[in-house]
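J.: whatever this is, show me its structure:
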Amino acid sequence: MEQVKPRRKALFVFIWGVLIWGCSTALAITFFDWYTIHQIAAPHKIVGRFVLFMAAGILMGLLLWNRREALDRKKMTRTGDIVRFVLFVSLMLGLVYALLAMTRH
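T.: Next up, the predicted model:
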């Protein structure tokens, strides 16, 4: 039983931390640089960016795993779910507004 749980944890950290968070963040920054300066950065900078964010993704994945484990132990109430959803939507709308404001210049 003990051998299954670390494998699941490692897979979770790799998928959510390294691939989803690390790769998508590095890719988004690369595309944003390309959009703003209209040229692709040097290959060693792009590779370095991916290595840095994928390594930081390990820490992010571990934090997400620990948070997930803590939430499994603590059940949220209906009010807590609604407050969390409203906060998420308002933060995303703020992000969209900030991106629109930056592109209008």
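
J.: ok, the spatially closest residue to A41 that is not a sequence neighbour - how many residues close by?
T.: In this structure, A41 finds its nearest non-sequential neighbour in D33, 5.8 Å apart by Cβ to Cβ, 6 or more residues apart in numbering. All C-beta spots, glycine's among them, are computed from the backbone N, C-alpha and C. For D33, the number of neighbouring residues by other Cβ atoms under 10 Å comes to 16.

J.: ok, residues contacting stretch 47-58?
T.: By Cβ atoms under 8 Å, 6 or more residues apart in numbering, the residues outside stretch 47-58 that reach it are 13, 17-23, 25-26, 29-30, 41.

J.: just the buried subset of those residues, written out for ChimeraX, thanks.
T.: In ChimeraX syntax, the buried subset of those is picked out as below (16 or more other Cβ atoms under 10 Å):
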select :13,17,18,21,22,25,26,30
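
J.: would TSV of the contacts of stretch 47-58 with pLDDT be doable?
T.: Putting the contacts of stretch 47-58 into TSV (pLDDT from 0 to 100) gives the following:
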residue	pLDDT
V13	89
G17	89
V18	90
L19	90
I20	89
W21	86
G22	89
C23	89
T25	89
A26	89
I29	87
T30	88
A41	81
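
J.: I'd like the contacts of stretch 47-58 laid out as a markdown table, including secondary structure and distance to F50.
T.: Formatted as a markdown table, the contacts of stretch 47-58 follow (DSSP: H, G, I helix; E, B strand; the rest coil; distance: Cβ to Cβ, whole Å):
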| residue | secondary structure | distance to F50 |
| --- | --- | --- |
| V13 | helix | 17 |
| G17 | helix | 14 |
| V18 | helix | 10 |
| L19 | helix | 11 |
| I20 | helix | 14 |
| W21 | helix | 12 |
| G22 | helix | 8 |
| C23 | helix | 7 |
| T25 | helix | 9 |
| A26 | helix | 5 |
| I29 | helix | 10 |
| T30 | helix | 8 |
| A41 | coil | 11 |
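
J.: thanks a lot, catch you later.
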